[in-house]
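>>> need a structure here:
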Amino acid sequence: MFKRTILVSVAALALTSASALADGSTPVRGPFFGTVHAVGTITYKDASQQTWTWDRGKITSLSDSSLTLTRRDKVEVTFAITSSTLVRNDGGSYTLADLKTGLVATVISQDGNAVIVRNIRGDGAPAGADQSVIEGPAAKSVTGTIDALYVDGSTQSFEYDRGRITTVGNGQLTIVRPDQQTVTFTYDDSTLVRDRGQVESVDDLRVGEGAMFFSQNGTLKLVRCLGAAPHAQPSGRPQPAAGQRPGAGRGLGLGLGLHRLHSPDSLPAATATA
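Now for the predicted structure:
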């Protein structure tokens with residue numbers, strides 16, 4: 001099973017399908033809120049493609065060789081545990097022995113094999129490990145599609161692009177991707193911007209800033225910030241409050257989170273932190 005090596009900051013979050021907090025108290029539901037299953041087909045800078053699957057649910061069966069989730073739509077999904085399976089939570093790495101039935105988790109898989117078990121919640125969820133670097137699906141990613149299944153049985157498809165902003169304003173935003181292709185989106189007041197678990201406005205985005213962009217028919221639905229423009233002054237963006245987990249809420253954490261990086265040559269790669 002092929003994996004792409006990545007260097008990440010464990011403070012970065014994956015695409016989170018849960019609520020965010022706009023002002024510390026008001027929940028803001030992103031486009032992936034309520035997702036129980038998703039399939040992403042990702043194209044990389046070298047033009048290769050890979051398909052990744054995300055499932056979130058309660059761990060109802062666990063052994064040295066397999067893990068079964070029961071999703072909120074009552075579907076049971078079983079994954080094979082391999083020597084390469086990673087367990088991640090809140091920026092730290094753990095072992096399968098740190099998992100137990102009853103915990104809620106997201107499993108990122110390929111071909112039925114559990115690649116990463118992440119975003120683990122519940123009484124006794126693993127905690128306290130030092131932050132560390134891992135491997136993940138978004139290293140050197142450029143573009144792709146994500147098909148999401150929601151707990152109510154509905155589905156939606158999203159286009160995924162990763163790059164740096166070249167222009168933004170007047171309802172349009174243009175990026176240049178790592179493959180040097182430019183993509184232009186439209187946006188409006190419903191476009192959700194997230195930076196380190198905080199909700200922001202499109203007006204806060206700056207030329208040169210790296211981000212992941214999730215859109216439908218050219219309209220931006222979600223922007224996940226990766227880093228400020230090179231040489232930019234500190235923005236004073238708020239940090240999550242003490243004890244608050246960024247992106248907390250119900251939903252599927254898709255392991256496409258990207259590290260904040262200032263290198264103009266390459267955008268950061270994925271982390272399975274939650």
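
>>> chain center to stretch 198-216: distance?
Its chain's C-alpha centre and that of stretch 198-216 lie 14 Å apart, by Cα atoms, centre = their mean, to the nearest Å.

>>> ok, now stretch 94-106?
Its chain's C-alpha centre and that of stretch 94-106 lie 19 Å apart, by Cα atoms, centre = their mean.

>>> give me the contacts around that stretch.
Stretch 94-106 is touched from outside by 54-62, 64, 67, 69, 81, 85, 87-88, 117-126, 129, 252-255, 274, with contacts defined as Cβ atoms under 8 Å, 6 or more residues apart in numbering. From N, CA and C alone the C-beta is placed, and that goes for glycine too.

>>> show me which of those residues are buried.
Buried members of the contacts of stretch 94-106, counted by 16 or more other Cβ atoms under 10 Å: 54-59, 62, 67, 69, 81, 85, 87-88, 117-121, 125-126, 129, 252-255, 274.

>>> now the strands for the stretch 1-150 of the chain?
Counting by DSSP state E, counting those that start in this stretch, the stretch 1-150 of the chain has strands at residues 4-5, 15-16, 19-21, 27-29, 35-44, 49-62, 66-71, 76-80, 86-89, 92-94, 104-110, 113-121, 135-136, 141-150.

>>> tell me the most buried of the ones you listed?
Ranked by mean neighbour count under mean count of other Cβ atoms under 10 Å, the strands of the stretch 1-150 of the chain are led by strand 15-16, which reaches a mean of 30.

>>> pLDDT averaged over that one - what is it?
The predicted model assigns strand 15-16 a mean pLDDT of 40.

>>> go on, stretch 90-108?
The average pLDDT for stretch 90-108 rounds to 96.

>>> go on, stretch 178-188?
Stretch 178-188 shows a mean pLDDT of 96.

>>> where are the low-confidence patches of the protein?
Low-confidence segments of the chain (pLDDT under 70): 1-27, 135, 227-274.

>>> residue most distant from the centroid, it?
Residue farthest from the centre of the chain, counting by Cα atoms, centre = their mean, is N170 at 27.6 Å.

>>> so what's that one up against?
Residues near N170 by Cβ under 8 Å, 6+ apart: none.

>>> what values do phi and psi take at it?
Backbone torsions of N170, given as degrees, to the nearest 10, read phi 60, psi 40.

>>> ok, now V176?
Dihedral angles (degrees, to the nearest 10) for V176: phi -120, psi 130.

>>> what's across from it in the sheet?
Beta bridges link V176 to R164, T182, judged by DSSP bridges.

>>> verify the stated contact: it with T166.
Yes - contact criterion Cβ atoms under 8 Å: V176 and T166 qualify, at 5.4 Å.

>>> what is in contact with the two at once?
Both V176 and T166 are contacted by T182, under the criterion Cβ under 8 Å, 6+ apart.

>>> ok, A127 - how many residues close by?
A127 is flanked by 11 other residues according to other Cβ atoms under 10 Å.

>>> which ones are touching it?
Applying Cβ under 8 Å, 6+ apart, the residues near A127 are N89, D90, G92.

>>> not counting its neighbours along the chain, what's nearest the first one?
Across the structure, with Cβ to Cβ, 6 or more residues apart in numbering as the measure, the residue nearest N89 apart from its sequence neighbours is I120 (4.5 Å).

>>> how about that neighbour, what does it touch?
When contacts are counted by Cβ under 8 Å, 6+ apart, I120 touches V87, N89, L99, L103, V104, A105, P126, A274.

>>> repeat for Y44
Residues near Y44 by Cβ under 8 Å, 6+ apart: R4, Q50, A139, K140, S141, V142.

>>> how near is it to R196?
The gap separating Y44 from R196 is 25 Å, by Cβ to Cβ, to the nearest Å.

>>> for I175, same thing?
Noted for I175: a distance of 20 Å to R196, by Cβ to Cβ.

>>> quick one: which of these two has more around it?
Set side by side, I175 and R196 show more neighbours around I175, with 23 against 17, by other Cβ under 10 Å.

>>> what sits closest to the more buried one if chain neighbours are left out?
Closest residue to I175 apart from its sequence neighbours, by Cβ to Cβ, 6+ apart: G163 at 3.7 Å.
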